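Participant: Provide a 3D model corresponding to the input given below.
(one chain, ligands or ions: 1)
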Amino acid sequence: MRYRRMPIEVESPEEIGYGTIRHNLAESSMADRRLSELGLALDLDRLILQYGDHRGHPGLRELLAAESAALANQVLLAPGAAGALFIVATSLLEPGAHLVVLRPNYATNIETPRTIGCDVTHLDLTFDRGYRYTADEIAACLLPSTRLVSITTPHNPTGTVLPDEELDRIIGLVEARGIHLLVDETYRDLTVSEPGPFAAARSTAVISVGSFSKAYGLPGLRLGWIVTRDPRLAELFLAAKEQITIAGPVIDEEIGFRVYQQRARLRTGIGAEVKRRVAIVRQWIASERLIEWVEPEGGVVCFPRIRPDLPFDADRFYRTLAEDLGTYVGPGHWFEQDRRYFRVGFGWPALPDLEAGLSALSRAAATATGT
Ligand SMILES: Cc1ncc(COP(=O)(O)O)c(C=O)c1O
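Facilitator: Numbers count the residues shown, from 1 in each chain. Below you'll find the model as predicted:
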């Protein structure tokens, strides 16, 4: 494995310093929360800081299992969804193994298989097709050597949601070939209506990944999970986890358990808040001549672009935005896309910052297109 840092991490707000950004539209979660805001009345002093259960907090695993028709020992807690994805990739893939993965995507979903030395086919999602794809397009990418199909829904950075019928058709494809489908569901709890069961509930060929980072605004917990109903896979993932970290952090898992126990309360209002914020972005786009978008259906990010028929100076755009207007978004190159495209995170900033950031985007777009 030859690791290299990814632009999305090198240039992330936490690495360049939150204090350097006035209007932060680069985050993909709801606002980060303090422990005290969660109302959990925790008594962490009583915890014994021993090695925990290797699979993770049993109570939390029970709660997650109940949403996936899995057994609790088929749920594995991991260091964030990022750690979960790493475990899945390194467990199922090896140099030369073929993988089909969506692009753009959360960078790790592409980068880890690449680092392993896999033969990667990207299914490129395009603005002009509303960032949509079908099971037929996935089928056209499959090879005899394909081991894994990797999708993300709700999708980062576009916010599209794969319809259930299409998901079932993709599951049919992987089942027929005896391979696996990874469904990165990190944004699952960020939908307007109550989400259905994890995709892993649909088939033993499906592996679901999720975490506390996005909907609950708790990325600092570094706590995520893998769900599979295949006992052999569950054992394989556990073996990988044990080599990385043996067990997870007892304190974080206790907090995670308590959060999930109170999930209904902590989710209250999230759907309405997402709706309200999408409406703000929609209204801004409607008034914007230079920028166009595909409206997101889930999550709190979207992936608009500067209209392709306009001249565009990308360096000027991002420089004006950051240096003159104090605004930060996720530039296209974080997602291996043209820099005309950028990710807007509309769930994280306070509303005045969201509005100021959107106005800044309009101003920077005018400067960078010479209009
Ligand atoms: C689709 C997706 N998967 C996984 C992750 C990693 O999240 P976590 O903080 O749980 O490691 C992210 C973070 O941006 C993401 O967007």
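Participant: every contact and neighbour count from this point should use C-alpha atoms.
Facilitator: Will do.
Participant: do you have the strands of the protein handy? List them.
Facilitator: All strands of the chain, identified by DSSP state E, fall at 23-24, 75-78, 98-103, 119-124, 146-152, 180-184, 206-211, 224-228, 291-292, 301-302, 305-306, 327-328, 330-331, 342-345.
Participant: packing partners of the first one?
Facilitator: With contacts defined as 3 or more CA pairs under 8 Å, 6 or more residues apart in numbering; DSSP states H and E, the packing partners of strand 23-24 are strand 327-328, helix 351-369.
Participant: rewinding a little: can you lay out the strands of the chain as CSV showing mean pLDDT and distance to Arg316?
Facilitator: Listed next are the strands of the chain as CSV, based on pLDDT from 0 to 100; distance: least, CA to CA, whole Å:
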stretch, mean pLDDT, distance to Arg316
strand 23-24, 98, 18
strand 75-78, 98, 40
strand 98-103, 98, 26
strand 119-124, 98, 27
strand 146-152, 98, 32
strand 180-184, 98, 34
strand 206-211, 98, 36
strand 224-228, 98, 38
strand 291-292, 98, 16
strand 301-302, 98, 22
strand 305-306, 98, 13
strand 327-328, 98, 13
strand 330-331, 98, 13
strand 342-345, 98, 14
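Participant: any chance of the helices and strands packed on strand 23-24 in TSV, with mean neighbour count and distance to Gly39 too?
Facilitator: Conversion of those to TSV gives the following (neighbours: other CA atoms under 10 Å; distance: least, CA to CA, whole Å):
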stretch	mean neighbour count	distance to Gly39
strand 327-328	27	31
helix 351-369	19	23
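Participant: pipe the ones you listed into a markdown table and attach distance to Ala215 per row.
Facilitator: Formatted as a markdown table, those follow (distance: least, CA to CA, whole Å):
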| stretch | distance to Ala215 |
| --- | --- |
| strand 327-328 | 21 |
| helix 351-369 | 17 |
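Participant: among the ones you listed, which is nearest the ligand?
Facilitator: Across the helices and strands packed on strand 23-24, the ligand has its closest neighbour in strand 327-328 (15.7 Å, CA to the nearest ligand atom).
Participant: just the helices in the stretch 151-300 of the chain please.
Facilitator: For the stretch 151-300 of the chain, the helices defined by DSSP state H, counting those that start in this stretch cover 164-177, 231-244, 250-261, 263-267, 270-286.
Participant: quick one: mean pLDDT over the second one.
Facilitator: Taken as a whole, helix 231-244 carries a mean pLDDT of 98.
Participant: got the angle between that helix and strand 206-211?
Facilitator: 40 degrees (axes from the mean of the first three to the mean of the last three CA atoms, to 10 degrees).
Participant: just the angle between helix 231-244 and strand 224-228, please?
Facilitator: In terms of direction (the same axes, to 10 degrees), helix 231-244 departs from strand 224-228 by 150 degrees.
Participant: packing partners of helix 231-244?
Facilitator: Helices and strands touching helix 231-244, by 3+ CA pairs under 8 Å, 6+ apart, are strand 75-78, helix 80-92.
Participant: off-centre distance for the shortest one?
Facilitator: Same thing as strand 75-78. How far strand 75-78 lies from its chain's middle: 17 Å, per CA atoms, centre = their mean, to the nearest Å.
Participant: wait, does it make contact with the ligand?
Facilitator: No. Judged by CA under 6 Å from any ligand atom, strand 75-78 stays clear of the ligand, getting no closer than 8.9 Å.
Participant: who does that strand pair up with?
Facilitator: Strand 75-78 has the following sheet partners, assigned by DSSP bridges: strand 224-228 (antiparallel).
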